[in-house]
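>>> give me a 3D structure for the following:
(one chain, ligands or ions: 1)
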Amino acid sequence: MIKKVTPHLSQNERLVFERSSPGKKAYQLPELDVPAVDAAEALGAANVRAEIEGFPEISEVEAIRHFTRLSTWNYAIDYGMYPLGSCTMKYNPRINEVVARTEALAWAHPYQPEALAQGSMAVMAHLEAALAEITGMDAVTLQPAAGAHGELTGILLIRALLEKRGNPRKKILIPDSAHGTNPATAAIAGYAVQNIPSSAKGVLDVSALAQIVDKDVAALMVTNPNTLGVFEENIIQAAEILHKKGAMLYMDGANMNALVGIARPGDFGVDVMHLNLHKTFSTPHGGGGPGAGPVAVKKVLEPFLPAPRLKRTGKKWAYDYNRKRSIGRVKAYYGNFGVLVRALAYILAHGGPGLRNATVDAVLNAVYIRKQLEAYYDLPYTQANMHEVVFSDSRQAKLGVHTGDIAKRLIDYGFHPYTVSFPLIVHGALMIEPTETEGKHEIDQFIEAMISIAREIETDPQLVKTAPHGTRTSRVDEVAAARKPVLRWKPA
Ligand SMILES: *Cc1c(COP(=O)(O)O)cnc(C)c1O
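I've put the predicted structure just below:
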């Protein structure tokens, strides 16, 4: 049994302001070898501050240690398994970083003339083609900056096509298992949202769908595999029902890690979808950094894609701005270029068979976790799962311990928590997605931790209810932390 907590994550570090003492510097400059100029005289007095109140003055080693120590407070994928379901937190291979730092790519400027940007444009064209091949779609835009942004772009494309056909329609259908961004997207694109219930098996109920789809429905937005990690086995029939009534099928492709190299949405009736390069294609998540949510479409939607489009004339790449039916730009320049380079590096480093292998391993890992844990945690939907598995806390809840408590206790075992309380159709959900990048050793440690917590709940529920015990702070007021964060240091 693992009892060890992670003390190196709990080291205290004061604010940088509290280390400050007047006159300390973290730099050394050589002797001036030109005449000194007065800053106020050169720049104008209004542009020069005499002092920045409370600005910390520290030495170089203090600056380095301060930020290095702070970095250890964050859990990271380079530190251990990050089983956040629906997020596909996979390892970011270092080859991606090497390629993205290639001088010609890293220093390219978005205003560089086309003649001097041919390499960067070829990289983007190559990625568009690869994503079209992987998804089975006809055209791809790389502009959207994240998954939710891709959703909005995709639904605006549907609206533009339907408007051209004479009627944008009124409603978007969304299953009750959907990610929260889906209804938000539909509403921002000006559509009413109609929720459709899942069947007892946790998948789309096509006979119910056939009753609901009418001339007011613009599209169905569906995640496949859905947020239970279950493949929508009736997806082809769903597409047919929609198409017969002139409606479209939008696929939220955030779960493509379960399909790449195995099945292509373009082949099972999807008209438009987004991908999350920061999930499926291993580019870093968040940390304030950019993501990318390319959108892939069938031919009928191609004329509406955001401008400019990459176009090849002879041997040269050019940007085509003259696209009359385009929905316009959705992002400055051409998308988050550095992220696009990383995703292409990942795709080319794996090759087709490698990408397929990653999918098979991602599914194997999730199925293995399910098998090992189903004796300890309740499994509300027993359909075969793909890349993630959703348990409920119903057994532990009888002893007063809930999914949030179990997640907090997992921190004491050195793991990032799984996704808590999502999807909403599972009461007290524990949503676990290991991804293919975890080996058996790491996954076995995770399983051991989960089993150990299940046993603790039977003998000492209070221990779990008050976790974590090995961190710098334990339970914080999560609502106040989100609504009233203290972000400003006030000089004493
Ligand atoms: C992550 C996710 C999104 C949103 O993607 P972002 O890149 O975070 O905007 C949408 N749908 C599903 C199913 C997701 O898992």
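>>> tell me how many other residues crowd Asp393.
By other Cβ atoms under 10 Å, 25 other residues sit near Asp393. (C-beta placed from N, C-alpha, C; glycine too.)
>>> in the stretch 151-300 of the chain, what residue spans correspond to strands?
In the stretch 151-300 of the chain, the segments counted as strands under DSSP state E, counting those that start in this stretch are 171-175, 192-196, 217-223, 248-252, 272-274, 295-297.
>>> and those strands as a markdown table, adding mean pLDDT, distance to Arg94 and mean neighbour count?
Shown next, in a markdown table, are these (pLDDT from 0 to 100; distance: least, Cβ to Cβ, whole Å; neighbours: other Cβ atoms under 10 Å):
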| stretch | mean pLDDT | distance to Arg94 | mean neighbour count |
| --- | --- | --- | --- |
| strand 171-175 | 97 | 38 | 24 |
| strand 192-196 | 96 | 42 | 15 |
| strand 217-223 | 98 | 30 | 25 |
| strand 248-252 | 98 | 30 | 28 |
| strand 272-274 | 98 | 27 | 29 |
| strand 295-297 | 98 | 28 | 29 |
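>>> just send the ones you listed back as CSV, with distance to the ligand too.
Below are the strands of the stretch 151-300 of the chain laid out as CSV (distance: least, Cβ to the nearest ligand atom, whole Å):
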stretch, distance to the ligand
strand 171-175, 11
strand 192-196, 15
strand 217-223, 5
strand 248-252, 5
strand 272-274, 8
strand 295-297, 12
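>>> now Leu355: phi and psi?
phi -70, psi -40 (degrees, to the nearest 10).
>>> that one touches Ala349, doesn't it?
No: using Cβ atoms under 8 Å as the test, Leu355 is too far from Ala349 to be in contact (9.8 Å).
>>> out of the strands of the stretch 151-300 of the chain, flag the one nearest Val426.
Nearest to Val426, of all those, is strand 171-175, at 13.6 Å by Cβ to Cβ.
>>> give me the sheet partners of the closest one and which way each runs.
strand 192-196 (parallel), strand 217-223 (parallel) (DSSP bridges).
>>> would you mind giving these as CSV with distance to Tyr321 added?
Converted to CSV, those look like this (distance: least, Cβ to Cβ, whole Å):
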stretch, distance to Tyr321
strand 192-196, 34
strand 217-223, 28
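>>> now for those strands, which one comes closest to Gly23?
Judged by Cβ to Cβ, the one of the strands paired with strand 171-175 that comes nearest to Gly23 is strand 217-223, at 57.7 Å.
>>> tally of neighbours for whatever residue of the chain ends up closest to the ligand?
Going by Cβ to the nearest ligand atom, the ligand is nearest to Gly147 of the chain, at 2.3 Å. Neighbours of Gly147 under the rule other Cβ under 10 Å: 24.
>>> right, and it touches Thr181 too?
Yes: applying Cβ under 8 Å as the test, Gly147 and Thr181 come out as touching, 6.8 Å apart.
>>> mutual contacts of the two, please.
Asp252 (Cβ atoms under 8 Å, 6 or more residues apart in numbering).
>>> residues from the stretch 151-300 of the chain in reach of the ligand?
Contact residues, the stretch 151-300 of the chain versus the ligand (Cβ under 6 Å from any ligand atom): 179, 181, 223, 252, 254, 276, 291, 293.
>>> among these, which pair sits farthest apart?
Greatest spatial distance among these (Cβ to Cβ): Thr223 and Gly291, at 17.3 Å.
>>> mean confidence score for stretch 350-364?
Averaging pLDDT along stretch 350-364 gives 98.
>>> with that, I have no additional questions.
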